Structure formats: C-alpha cells, structure tokens
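# curious how this folds, go ahead:
(2 chains)
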2 protein chains.
Amino acid sequence: MNTIDLRKVGNHSVGFLSFFEGINHIPFDIKRVYYIYGVPKGIVRGHHAHKNLLQFLWCPYGSIIIALDNGVKKEKILLDNPSEGILVENGLWHTMQWGIDNSVLCVVASDYYDESDYIRNYDDFLRLVKEGYWNEPEKH
Amino acid sequence: MNTIDLRKVGNHSVGFLSFFEGINHIPFDIKRVYYIYGVPKGIVRGHHAHKNLLQFLWCPYGSIIIALDNGVKKEKILLDNPSEGILVENGLWHTMQWGIDNSVLCVVASDYYDESDYIRNYDDFLRLVKEGYWNEPEKH
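Predicted coordinates for the structure are as follows:
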C-alpha cells in the first residue's frame, strides 16, 4: 500500500543508519513518537483506526506483520527490513502481529495524542466507511 | 546529565508502549528522525558534537553506553531501559558504544540534516569550548 524506502548508510562491520525528516520524506510534520517493545512473539496489537491521524511505522529490530483494512480491501505487509517504513493513513483499521520476541515497532504521528481521534469498535469503523466519512474531508 | 523518564504503558504479557511529544515531553519540535541498527557488540560510533542541534536518544532494544563530554567533564550513561531517554544538547562531544549485538539507537533531532552543524574534529571542539562558543548564544 504505502511502503516508503528510506536511505540506508553503513555496512555490516559498523552497522547501518536510516533517517527521515518531517515533510521532506514523510508527508507530515512529526508531533508525537511512540514505540512498542518487550512484546512476545504471536501477540497482536492495534485494533483501531484514526479519524484524522497520519502515522509512519518502522521496525528497527525483528519482524512484525502489519494488517491494514480500509473497510473494503485488506492487506498484510511484513515489516522486517529496518530501512523500510509504512505510511498508515487515517481511515485504516490496523493490527500488528509480532513475528519475533522483542521486535520493536516505532511510530511517528502527525498530531499529539487525542483519544477522540480513535475508532476502537470495528462496526463503528465499517459504518463510517459506508457513510463516506473519509471521502468527504470537509466533514472533519 | 539529562535523562528523561517516559511513560510506560502495558505489561509483560502484551508488551509495553512508551511515547513522547515534541515540546510537551522533550524541549523541541521534532524535524528529523534517525536510527542505528545492525551494529555488532563493541562498536563505537558518534565522535562528533553539534553547534546548535538538540537531540533526544532512546534504546528500544538492547544496551548502549552513551559517553558525553562537554570539554570539561565526561560522563557515561547506560541506555538499556527502553522507557528512558537522554537529551543530548548542543556542545557535547558524544560517542555510543554498543553493548549487545543489534541494539537499536533511535534519535529525534530539532532540525533537518545540516553538515555545517557538525564538529567532527575533537581539537576543534575543545577550541570552541575554550572560546566560550556555547556560552554566547548570540554568536550562533
């Protein structure tokens, strides 16, 4: 869907560095960072969508499967390459399944935390998709 | 020196989430993100200081020793707790030593990449400290 390949500088002797800048490499200014760690293999997290928030996800260690669902089409993306990230736009129900113990998921978001931006019930999500919520930006 | 304890939400069954927001939890807006991965144990990276850039470092997996040097005093900080980060202000010569293979260092920075902001020669760094470069903000 929205995979972004980042620059990767370095080699196997000293390791690698990847980077991105708000606006320049991802399509928003970075207001918030969160990261998920210490997760056992097999655990599934997420189970929500956002009304407006844009997020960029990357996995600097391990292997995580990102499942995205826009209410019509479902897609799974394996995130196991640290120099690759995924843009998760608003209006996408998403879950993340840990493939290796202690895999790290890092996320930057386009806004500060706002619980009212979360849709945590899948039926509510499907209803909003059917109503065209994400097709009419002027409503937001 | 400048350790910041972040919120840690979760438990050992499902893992943990930590977060921070520009301005609200760290003293700058986030313009750039970079992260270092695939590094063998024992490798030392860094070896530079910044004229103006502010950075916040955290280690979501593994163990990294951060050495900070303001030209007068040296300090080492063990970064092995994912919910703890370090603010690395400008005018600090810094190195990072990897304690465990594949430890991840994540960094957010207060500005876009600018090579002219780097001081990569230690003698130049000491000379600027002696000249009071970082004591006279109006010069920058």
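# double-check that A:Leu17 belongs to a strand.
Yes. Under DSSP: H, G, I helix; E, B strand; the rest coil, A:Leu17 sits within a strand.
# contacts only, for it.
The contact partners of A:Leu17, taken as C-beta atoms under 8 Å, 6 or more residues apart in numbering or on different chains, are A:8-10, B:34-36. (Glycine included, C-beta is placed from N, CA and C.)
# quick one: it from B:Leu53, how far?
15 Å (C-beta to C-beta, to the nearest Å).
# and for A:Trp134?
From A:Trp134 over to B:Leu53 (counting by C-beta to C-beta), the distance is 37 Å.
# what is the burial count for A:His94?
Residues near A:His94, counting by other C-beta atoms under 10 Å in any protein chain shown, number 19.
# scratch that, A:Asp123
There are 8 residues near A:Asp123, going by other C-beta under 10 Å.
# quick one, helices of chain A?
A:122-130 (DSSP state H).
# would you map the strands across it?
Counting by DSSP state E, one finds strands in chain A at the ranges A:3-5, A:7-11, A:15-21, A:32-37, A:44-50, A:55-61, A:64-69, A:74-79, A:84-88, A:93-98, A:104-109, A:118-119.
# can I get the ones you listed in TSV with distance to B:Val72 and mean pLDDT?
Compiled in TSV, the strands of chain A are given as follows (distance: least, C-beta to C-beta, whole Å; pLDDT from 0 to 100):
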stretch	distance to B:Val72	mean pLDDT
strand A:3-5	42	95
strand A:7-11	32	97
strand A:15-21	29	98
strand A:32-37	32	98
strand A:44-50	45	98
strand A:55-61	34	98
strand A:64-69	44	98
strand A:74-79	44	97
strand A:84-88	40	97
strand A:93-98	45	98
strand A:104-109	34	98
strand A:118-119	48	98
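# adding distance to B:Asn70, write those strands out as CSV.
Output for the strands of chain A, formatted as CSV (distance: least, C-beta to C-beta, whole Å):
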stretch, distance to B:Asn70
strand A:3-5, 37
strand A:7-11, 27
strand A:15-21, 24
strand A:32-37, 26
strand A:44-50, 40
strand A:55-61, 29
strand A:64-69, 39
strand A:74-79, 38
strand A:84-88, 34
strand A:93-98, 40
strand A:104-109, 29
strand A:118-119, 43
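# how much space between the nearest residue to A:Leu126 once chain neighbours are set aside and A:Gly132?
Distance criterion C-beta to C-beta, 6 or more residues apart in numbering or on different chains; nearest residue to A:Leu126, sequence neighbours excluded, is A:Gly71 at 5.5 Å. A:Gly71 sits 11 Å away from A:Gly132, going by C-beta to C-beta.
# which one of the two is surrounded by more residues?
Neighbour count, other C-beta under 10 Å: between A:Gly71 and A:Gly132, A:Gly71 has more, with 18 against 9.
# which residues does that one contact?
A:Gly71 touches A:91, A:93, A:125-126, A:128-130, counting by C-beta under 8 Å, 6+ apart.
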